[in-house]
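Asks: pasting a predicted model and its sequence here:
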Amino acid sequence: MSTLPSSITYAVVGAGIHGLSTAWHLAMELEAKGTGSGKDVIVLDKTGPGAGASGIACGCVRNLYMTEPLHAILRHSVDVWTYDPVAFGFQQVGYVSAGEANQLADYEKLHASQNRVGYHSDLYAGKDAKSFLRNIWPDFNTDGIDVVLHEKISGYAGTRQAVAGLAQKCADHGVRVISGVEVQGYDVKNGRVAKLHTNKGDVACDVVVLGLGAWTGKHWEMLGQPATLDLHYADGKVIKNNDMWTYWRLLEGEVYVHEPYRTADDLDPPVLHVELMTTPVIDQNTGKEIADHTYVYWKNGAERMDKPGVQGGSIPIKLGPKATLDPYGHDNPEYQAEPEFADYLTSAMAQLMPRFKGSRKDFRERPNGGIGAFTPDNVPIFDWILPNVYMIADSNHGFKMTGVGKLAAKLLVGGNRVPELEPFAFDRFAKGRTFGTSNSNCPWV
Ligand SMILES: Cc1cc2nc3c(=O)[nH]c(=O)nc-3n(C[C@H](O)[C@H](O)[C@H](O)COP(=O)(O)OP(=O)(O)OC[C@H]3O[C@@H](n4cnc5c(N)ncnc54)[C@H](O)[C@@H]3O)c2cc1C
């Protein structure tokens, strides 16, 4: 059990995907440059590794983003996932996304951008899209589907395994990951954080890295940052006094299967994502329309399950600028998926694949859900917020983004430009580079 040092070079706050990945890569960068080692890095977590969203995520690793600069971030992330896929529980089964004709132009654009950065994907339209789906899932109801993107290098990871694997990498490199240490305040001198105030004493530090997930807004406020800001867009549009952080509630669930969920070739299927913006979801038991559009994703449940099944979800629900942060995740009854979510998920699945007809009774009843802090444009912010405080705020869709820690470590140790991170700087909101709205009902694209 590590004890809290009184001073350290790099203090990482939060032992989720980003804190752990950054700490591990910091250790490797310091070793490679001969300027230090993992002994110069600590990770503090008020509870322990995976106590936040990283421990309850669905684990999908994909690159279906209309925000093009994210494509390079995901390319680096897949490099991290495949660095040690066994340790991280990464299953590189691919990712298939299906849409209606209204998304064809967006898919063409993002397909071209993905391939420009070496993130290999194939695009299918019209009849080809339908037959591609049926080759993998012979019972796929392809009505309404006009476009399909197949990301070959995507997949999913077990969340517990990924967190444990990253914590092990930290330990292997001499990084101390210390649980039960809550950062309760910051001693700011001359605009820089000189010390962290924790429940176990003060720690003097040179550089602070924040990987705080849903708790980011709380520390943003502790560091004296503004609660609202003006958003400037490239076309000259300005939105005044926008909330800096907005909480959303993510709903997920698991459905047991009686036959193994496999492809026609008897393989673990790609993660499937379907958004049909004009196709309603009809309740498979009552016959009533429960939504005027379809948005659903699922994959094999793997480590999440106690017996064979799939795990999936839908669009998150907006809460607003305030939310209850603790207790977090499955321990907070306020934010769990309701029975209506189970109706929606199983009906949407049955509508797309008859093999799921009658599956409402197979929905696994247990708490499932958690909240996240989203940025003003729902796109991550990776930037210095004080001269020695670097923030990784992934807008709650970054379990997949293990590559951010790798890139951030280069910046923190080398001090050089890391161009992939630059579009995610905080000053984009003031400088007319706020990311725009995208053609989707979901805030994750
Ligand atoms: C239900 C759900 C499903 C999701 N599914 C996916 C998915 O399939 N794919 C995907 O890419 N993303 C997914 N996400 C989003 C993803 O999980 C998060 O974006 C990501 O895990 C955030 O990682 P993090 O390291 O920033 O924060 P977290 O994992 O939340 O870690 C933050 C840590 O900070 C600690 N902490 C908080 N306050 C303090 C303090 N004062 N002092 C010390 N420590 C503190 C917490 O204990 C916690 O361990 C999902 C999220 C949820 C909620």
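Replies: Structure's in. What do you need?
Asks: for whichever residue of the stretch 201-350 of the chain sits closest to the ligand, which non-adjacent residue is spatially closest?
Replies: Nearest residue of the stretch 201-350 of the chain to the ligand: residue 213, at 2.2 Å (CB to the nearest ligand atom). Bear in mind the C-beta positions are built from the backbone N, C-alpha and C, glycine included. Nearest non-adjacent residue to residue 213, counting by CB to CB, 6 or more residues apart in numbering: residue 52, 4.1 Å away.
Asks: ok, how many other residues are close to the one you found?
Replies: 29 (other CB atoms under 10 Å).
Asks: hmm, residue 215 and it touching each other?
Replies: Yes: if you go by CB atoms under 8 Å, residue 52 and residue 215 touch, sitting 7.4 Å apart.
Asks: which neighbours do those two share?
Replies: residue 14 (CB atoms under 8 Å, 6 or more residues apart in numbering).
Asks: so residue 320 bridges to which residues?
Replies: residue 247 (DSSP bridges).
Asks: now the residue nearest to residue 213, what are its backbone angles?
Replies: Dihedral pair for residue 52: phi -100, psi -150, per degrees, to the nearest 10.
Asks: just residue 113 next, same as before
Replies: According to degrees, to the nearest 10, residue 113 has phi -70, psi -40.
Asks: mind checking pLDDT for it?
Replies: At residue 113, the model reports a pLDDT of 97.
Asks: which stretches of the stretch 51-200 of the chain form strands?
Replies: For the stretch 51-200 of the chain, applying DSSP state E, counting those that start in this stretch gives strands covering 60-61, 90-91, 95-99, 121-125, 147-151, 155-157, 176-179, 183-189, 192-198.
Asks: quick one: name the residues of the stretch 51-200 of the chain near the ligand.
Replies: 51-54, 56-60, 182-183 (CB under 6 Å from any ligand atom).
Asks: which member of those is positioned nearest residue 16?
Replies: Of all these, residue 16 sits closest to residue 54, with 3.7 Å by CB to CB.
Asks: skip the chain neighbours and tell me the closest residue to that closest one.
Replies: residue 16 (3.7 Å).
Asks: can I get the strands of the stretch 51-200 of the chain in JSON lines with mean neighbour count and mean pLDDT?
Replies: Below are the strands of the stretch 51-200 of the chain laid out as JSON lines (neighbours: other CB atoms under 10 Å; pLDDT from 0 to 100):
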{"stretch": "strand 60-61", "mean neighbour count": "24", "mean pLDDT": "97"}
{"stretch": "strand 90-91", "mean neighbour count": "22", "mean pLDDT": "98"}
{"stretch": "strand 95-99", "mean neighbour count": "25", "mean pLDDT": "98"}
{"stretch": "strand 121-125", "mean neighbour count": "19", "mean pLDDT": "98"}
{"stretch": "strand 147-151", "mean neighbour count": "24", "mean pLDDT": "98"}
{"stretch": "strand 155-157", "mean neighbour count": "27", "mean pLDDT": "98"}
{"stretch": "strand 176-179", "mean neighbour count": "19", "mean pLDDT": "98"}
{"stretch": "strand 183-189", "mean neighbour count": "15", "mean pLDDT": "97"}
{"stretch": "strand 192-198", "mean neighbour count": "18", "mean pLDDT": "98"}
